[in-house]
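In: Model the following, please.
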Amino acid sequence: MAEKIGLYAGSFDPITNGHVDIIRRAAKLFDKLIVAPMTNTSKKYLFSYAEKKIFIEEETQDLANVIVVDGKDQLTTDLAKQYHATFLVRSMRNADDFGYESGVSSINKALDDDIETIFLISDTKYSTISSSMIKEVAKFNGDITKFVSKHVAQELTKRLQKGN
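Out: Numbers count the residues shown, from 1 in each chain. Model (predicted):
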């Protein structure tokens with residue numbers, strides 16, 4: 001039987017506890033889960049792909065079936081083919097995410113009919129938290145350790161404080 005391989009792609013700028021929860025839950029569903037920081041041309045990033053990869057690897061080091069790769073400047077479906085992933089993992093925090101995520105799913109299906117998208121709903125404790133909100137709190141010296149790892153919190157705060 002073929003290995004079940006999933007791909008969880010996102011901007012992960014920075015990776016949040018909500019992302020980590022989705023990764024941990026998705027890792028239980030697949031023989032192998034590829035996690036990839038990707039390019040979203042509508043976003044301006046604070047962290048490089050190498051930094052994001054390190055943060056994700058730190059958060060998932062105990063998950064033997066999770067592999068973190070650099071998805072910079074590629075289509076998600078092309079990356080999925082490269083790693084033989086036949087499932088794309090997408091997450092939704094709340095009803096507001098549904099419209100966007102269903103559009104992404106439709107585009108991906110049109111690009112590659114052999115790849116299926118599965119949606120995981122965020123745990124309610126993460127359903128209103130976004131990376132942009134966390135960046136805003138960090139910019140003004142708020143405590144973000146409830147939302148991201150201690151290392152990510154330190155690096156994010158340091159990066160945003162430089163900008164002041």
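
In: So residue 74 sits against residue 38, correct?
Out: Yes. In this structure residue 74 lies within contact range of residue 38 using CB atoms under 8 Å: 7.2 Å. Every residue, glycine included, has its C-beta placed from N, CA and C.

In: what do these two both touch?
Out: With contacts defined as CB atoms under 8 Å, 6 or more residues apart in numbering, no residue is shared by residue 74 and residue 38.

In: Have a look at these two and say which one is more surrounded.
Out: Higher neighbour count among residue 74 and residue 38: residue 38, with 20 against 15, using other CB atoms under 10 Å.

In: who touches that one in this structure?
Out: 9, 10, 11, 71, 72, 74, 76, 79.

In: Go again with 10 Å.
Out: With contacts taken as CB atoms under 10 Å, 6 or more residues apart in numbering, residue 38 has the following neighbours: 7, 9-12, 49, 52, 69-76, 79.

In: which of those residues tops the neighbour count?
Out: residue 7 (31 neighbours).

In: okay, that one: pLDDT?
Out: Turning to residue 7, the model gives it a pLDDT of 98.

In: in what helix or strand does the nearest residue to it once chain neighbours are set aside lie?
Out: The shortest distance from residue 7 to any residue that is not its chain neighbour, by CB to CB, 6 or more residues apart in numbering, is 4.0 Å, and that residue is residue 85. Per DSSP states H and E: residue 85 is located in neither a helix nor a strand.

In: And for residue 85, the neighbour number?
Out: Neighbour tally, residue 85, other CB under 10 Å: 26.

In: Isn't it up against residue 6?
Out: Yes. Using CB atoms under 10 Å, residue 85 and residue 6 qualify as a contacting pair, with a distance of 5.9 Å.

In: Overlap in contacts, the two.
Out: Shared between the contact lists of residue 85 and residue 6 (criterion: CB under 10 Å, 6+ apart) are residues 30, 32, 33, 34, 116.

In: Tell me where this structure has strands.
Out: 5-10, 32-37, 66-68, 87-92, 116-121 (DSSP state E).

In: nearest to residue 144, of those strands?
Out: Across the strands of the chain, residue 144 has its closest neighbour in strand 5-10 (18.2 Å, CB to CB).

In: what's the angle between that closest one and strand 116-121?
Out: The directions of strand 5-10 and strand 116-121 differ by 60 degrees, with axes from the mean of the first three to the mean of the last three CA atoms, to 10 degrees as the criterion.
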